[in-house]
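A.B. asks: Coordinates for the following, if possible.
(2 chains)
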Amino acid sequence: MFSCPRSFDAGAFFVMSKAVFVFLSAVLLLMPLILMVDDFTIQKQLIFCAPFILILGIPHGAIDNHLFQKENQIRTSRFIGIYLGVVGLYVLVWLISPVTAYLLFLVLSAYHFGQSQFSHYFKSQSKLKAVLYTIWGVSLIAGLIHLNINEITSLTGEFAEFSVLQSFHDPLLFEMLFTGSLVSLVVTWIVFILYKQLSIQQVAMEALVLTLLLVSFFVTPLLIGFTLYFIILHAFQVMQEEYRYLRLHRRVNNIVQFIKLLLPLTISSILGILLLLVMVHFGLLDWSYGYVLLVSISAITAPHVYVMNRFYAFFKR
Amino acid sequence: MTLLEVLSIPKDDAVAFTFFTGYMAMLAASIFFFFERGRVDGKWKLSLLVSGLITFIAAVHYYYMRDYYLATGENPTALRYIDWTLTVPLMCVEFYLLTKAAGAKLGLLWKLILASVWMLVAGYIGEAFNPGEGSTSHSVLWGVLSTVGYVYILYTAWFGEVAKLAEASSSPAVKRGVRTLAWFVLVGWAIYPIGYMCMPGGWLNTAFGWGSQNVDLFYNIADAINKIGFGLVVYNIAITSSEK
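C.D. replies: Numbering: from 1, shown residues only, chains lettered A, B, ... in the order given. Here you go, the predicted model:
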């Protein structure tokens, strides 16, 4: 699964990463089977996707402390304190203004997804690259929402907590956002080709991947499509880079050590989320399961995006 | 029925059109590869011969398929798969021949041939034994099984033995050529499943109502791109290396 450390411009075949290959294979092999399942309700989707997100998605952010501390002189307790403080603040934003929290979550995610998708092509970070990351991420998220707008509308209408977000999911707004971001992305890709930041082959591969992503969003239910992307193209790719980085710095020597490093915070995070879900189950928290997952994932995302941004800057030095 | 007996080709029949143009294009490509074989270095002659054979075998089958289609209006499934059973393994031979100089073993050739045969046999069962009205489960099951073979070839071309051998090759033309062929496998070969999904019971057939006539339309387009394109890439490698 994980390859040995290699430089970023290693080999002519680096236009397709292993994560992209796994994604292509998964789309080709799993999508036809998923299409055969009728009536994939959001509850069924959650049951199907939650284990993947919890077991494979959470670990990619479970070594934020090691990644950050490697380049910054900060004690573990202080790091965890600040990290949890940001998580708490984010939950507070959800309580005060859910729309703001949701919007911020989408923007942060867009940047973060774009960064993990493209950063392996570049040796340094810049503002122009940040623009590319954000536009790609917005295309992805706007596509996910636009292509599943009916499911999202019925979902936000079904659960009381989501009703505040209902007005935000205007079909016309997301249609325009999706189209606009796609056009902007094409222009940005052309600029990157002209300035020799990306090769035509790399852009062709990215265009193919984005097309497949959008097709999978269109033909599969909301959470299934997103999980396929999130697990394979995002979490798997990021973990590969984290592993490579830690091996390069002699922090881990093999995959077993890497997994051991991931375990403590992965287990803590899963237990934390399960605790929240148990609280919902016993009526101690008056939110739906889906809303609790959304709030907790977005709260974890905020500090994770910051750490990963620093990580990519250090990683390429 | 032969061409002389064909009364007319409907102007709006894109399938018939692509059968005729496909046939002529394959034949012309074969003549080109056979003639150009004399201009390249000895080590490339076999590769060009194989390229010529691929398009020639396809041309002969297209000759029969276009008549079969015009006479019956049906998909010439059996002829199509006979053609592929011969030509797709030959494409795998091309991969082997290109990377042979970099140390490719005969085992690589057999693995690729087995994967391609697996892909075709599963695809044939999916298509030829599809129940009359079309069965989605049958189409999906055999489609997925066929895709396993495709994914293996894709992996070999992009990450596996073929990719590693090409990377290790001292010839930039071989590196570039194998990479281009890997793109053909990724994009060009991916057109076939679109056609497959148009048959009765297939996803594009049930979800969007794409008729079974589109099966041949997509297959013809894919064949023209892949068989001629594959050959042209090999020709380009051969002529570039020979000119040095």
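
A.B. asks: Quick one: name the residues of chain A near chain B.
C.D. replies: Neighbours of chain B within chain A, by Cβ under 8 Å from any Cβ of the partner chain: A:11-13, A:16, A:18, A:21, A:24-25, A:28-29, A:32-33, A:35-36, A:201, A:204, A:208, A:219. The way it works is simple: take the backbone N, C-alpha and C, and place the C-beta from them, glycine included.

A.B. asks: Buried among those residues? Need that as a selection in ChimeraX.
C.D. replies: Command for ChimeraX that selects the buried part of the residues of chain A next to chain B, burial taken from 16 or more other Cβ atoms under 10 Å in any protein chain shown:
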select /A:12,13,16,18,21,24,25,28,29,32,35,201,204,208,219
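
A.B. asks: Longest helix in chain B, by number of residues?
C.D. replies: Longest helix in chain B by number of residues (criterion: DSSP state H): helix B:42-72.

A.B. asks: Show me where chain B dips below the pLDDT cut-off.
C.D. replies: Flagging of chain B using pLDDT under 70 yields the residue ranges B:1-7, B:244.

A.B. asks: need the residues of it near chain A, please.
C.D. replies: B:136-137, B:140, B:143-144, B:147-148, B:150-151, B:154-155, B:158-159, B:163, B:166-167, B:175-176, B:179, B:182-183, B:186-187, B:193, B:203, B:207.

A.B. asks: picking that back up, and the longest helix of chain B, how far from the chain's centre?
C.D. replies: With Cα atoms, centre = their mean, to the nearest Å as the basis, helix B:42-72 stands 10 Å off its chain's centre.

A.B. asks: what do you get for stretch B:100-115?
C.D. replies: 18 Å.

A.B. asks: for stretch A:26-35, same thing?
C.D. replies: Centroid separation for stretch A:26-35 versus its chain: 21 Å, with Cα atoms, centre = their mean.

A.B. asks: Looking at it now, give me its mean pLDDT.
C.D. replies: In this model, stretch A:26-35 has a mean pLDDT of 83.

A.B. asks: re the thing from before, and the very next helix or strand once past the longest helix of chain B, what does it pack against?
C.D. replies: For helix B:42-72, the following helix or strand on the C-terminal side (DSSP states H and E) is helix B:77-100. When contacts are defined as 3 or more Cβ pairs under 8 Å, 6 or more residues apart in numbering or on different chains; DSSP states H and E, helix B:77-100 packs onto helix B:42-72, helix B:106-128, helix B:136-158, helix B:161-168, helix B:172-183, helix B:229-243.

A.B. asks: Using CSV, write down the CA coordinates of the helix or strand hosting residue A:173.
C.D. replies: Here residue A:173 sits within helix A:171-194, counting by DSSP H and E. Only the C-alpha atoms of helix A:171-194 are listed here, as CSV (Å, rounded to 0.1, in the frame of the first residue of the first chain):
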residue,chain,number,x,y,z
PRO,A,171,-30.5,25.0,-6.3
LEU,A,172,-29.8,28.0,-8.5
LEU,A,173,-27.0,29.3,-6.3
PHE,A,174,-25.2,25.9,-6.4
GLU,A,175,-25.8,25.5,-10.1
MET,A,176,-24.1,28.8,-10.7
LEU,A,177,-21.4,28.1,-8.2
PHE,A,178,-20.7,24.7,-9.7
THR,A,179,-20.6,26.1,-13.3
GLY,A,180,-18.6,29.1,-12.3
SER,A,181,-16.0,27.1,-10.3
LEU,A,182,-15.6,24.6,-13.2
VAL,A,183,-14.9,27.4,-15.7
SER,A,184,-12.5,29.1,-13.2
LEU,A,185,-10.8,25.8,-12.7
VAL,A,186,-10.2,25.3,-16.4
VAL,A,187,-8.8,28.8,-16.7
THR,A,188,-6.5,28.2,-13.7
TRP,A,189,-5.3,24.9,-15.1
ILE,A,190,-4.5,26.7,-18.4
VAL,A,191,-2.5,29.4,-16.5
PHE,A,192,-0.6,26.6,-14.6
ILE,A,193,0.2,24.9,-17.9
LEU,A,194,1.4,28.1,-19.5
